[in-house]
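Trainee: Here is a sequence together with a model predicted from it:
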Amino acid sequence: MNKASVVKTSERTGQQVDPTDMPVTTSACFALVGTGETVVASGCRQVPIRAGEPLAPQLAAALADAGTADAVLVGALPYDRTQPAHLMRPSEWSRVPGRSGAGVFGQPSLVRVGGEASQWRVRPEPSLEVYRAAVTEALAHMERRPDLRKVVLSRALRVSGDRPIDVRALLGRLAEDPAATAFCVPLPPQGGTGRLLVGATPELLVSRRGEVVTSHPLAGSARRSADPLLDREAADALAISDKDNREHREVVTAILDQLAPYCRELGTPEGTRLVATASMWHLGTRIVGRLRDTAVSSLELAALLHPTPAVCGTPRDAAAELISELEVHDRGFYAGAVGWCEATGDGDWHVALRCAEIAGREARLHAGAGIVRGSDPVAEGEETAAKFAAMLRALGLDEAIAFEGTAA
Ligand SMILES: C=C(O[C@H]1C=CC=C(C(=O)O)[C@@H]1O)C(=O)O
């Protein structure tokens, strides 16, 4: 195996890099186009990870096996923590400051690059009506079980075009939103078909640089408007919404509680703020800590925190059980995490949101919404529809289709 080529941000000047100067790989298989840096990896080989067994020794073995101090693992954690992580060791990777979309991304090895589809078939899974009924059911469960404070329910849209989806173009368009981290991660093939998880997430699960650990949970949402006045109104209403603030606090509290034993300092220096993507407003709180022991890697921290109440609920096990009862589709890697982890343990893991699993002409999009007491099933259905907008627009589809309630 070739020695990995690594360009570390911290060793650079920190200035933005002209995309044309960036190391272009011809068969990129993994890309994260982040708010401050771009990570591209190629020549990815799957690393076997056994679910249900401690992650730390498995990671250490995988990284040691690479035979170089520069080794890195890239990949994805599925939503279901009983399923194995999908990790890969690339033969080459680069991490450079700045943001570049399709420019750094060579032809993905797993997916044929097609043109733009002119005809799409769209199938909601489930229909909006069935989703609303599931929200009503979740609220009824919460009445019966006072300890169940939050559950995140999702739905999917299956879209198929008349030609293979052009993943490079898709990633380029997703990377146009500076508030999101666009990503493309190869998934284990299913039935001989290559699959990719492609999306643009605004939510950082965890990042580690030396002893500094950061998380930026989001929860509580409002759809953005093209009208500046309505947009401001939506943001102001979100900022003071009791329901959304309760929904948000569940996530922040859970992450603080889980990180606390690992940190000698931990806090939320900026408090809760509004975060804007191109299509959504969210409540967000940056959490920053200093680790007691840097032996714990970014990937172990990600596996510890995942799934947070931004994608599952509180208490975690009860929420997960209700999700498996009420959701008809398999979340797969949606609501999991995507990222990278170096041999030093440094790395970034993002919550896999606003994404689609892509296989040839087919894309399966997912979106969810946090349900707490006081949630309105109709509003929560609309929130999921609004969250589909980023992917639908990037695919060239009319985002209005996500609001249609008819069953396929
Ligand atoms: C579960 C999703 O979003 C999460 C992240 C931000 C806001 C959320 C909310 O307001 O419900 C969700 O917790 C999704 O986009 O599918």
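Mentor: Nice, I can see it. Not measured: the values here are computed from a predicted model.

Trainee: contacts and neighbour counts: CA atoms only from here.
Mentor: Fine.

Trainee: so is the nearest residue to Val212 once chain neighbours are set aside in a helix, a strand, or just coil?
Mentor: Closest residue in space to Val212, ignoring its immediate chain neighbours: Arg290 at 4.7 Å, by CA to CA, 6 or more residues apart in numbering. Put simply, Arg290 is strand when judged by DSSP: H, G, I helix; E, B strand; the rest coil.

Trainee: any chance you could map the helices in the stretch 1-150 of the chain?
Mentor: 55-65, 128-144 (DSSP state H, counting those that start in this stretch).

Trainee: wouldn't the residue nearest to Val212 be in contact with Ser215 here?
Mentor: No - at 11.9 Å, Arg290 does not count as touching Ser215 under the criterion of CA atoms under 8 Å.

Trainee: between these two, which one's more packed in?
Mentor: Ser215 (26 against 21; other CA atoms under 10 Å).

Trainee: Quick check, the more buried one in contact with Val206.
Mentor: Yes - using CA under 8 Å, Ser215 makes contact with Val206 at a distance of 4.5 Å.

Trainee: quick one: least confident helix or strand in this structure?
Mentor: helix 55-65 (a mean of 76; mean pLDDT, DSSP states H and E).

Trainee: So what touches that helix?
Mentor: Applying CA atoms under 8 Å, 6 or more residues apart in numbering, the set of residues contacting helix 55-65 from outside is 47, 49, 71-73, 300, 343.

Trainee: Between those residues, which sits nearest the ligand?
Mentor: Glu300 (21.3 Å; CA to the nearest ligand atom).

Trainee: That closest one: neighbouring residues, count only.
Mentor: Glu300 has 18 nearby residues by other CA under 10 Å.

Trainee: re the thing from before, Serialize the contacts of helix 55-65 to TSV and add fields for distance to Met142.
Mentor: Shown next, in TSV, are the contacts of helix 55-65 (distance: CA to CA, whole Å):
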residue	distance to Met142
Val47	40
Ile49	36
Ala71	46
Val72	43
Leu73	40
Glu300	31
Ala343	43
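
Trainee: Would you mind listing what in the stretch 251-400 of the chain touches the ligand?
Mentor: 310-311, 353-354, 367-370, 387 (CA under 6 Å from any ligand atom).

Trainee: 8 Å instead?
Mentor: Applying CA under 8 Å from any ligand atom, one finds that the stretch 251-400 of the chain approaches the ligand through 282-283, 309-311, 334-335, 353-354, 366-371, 383-384, 387-388.
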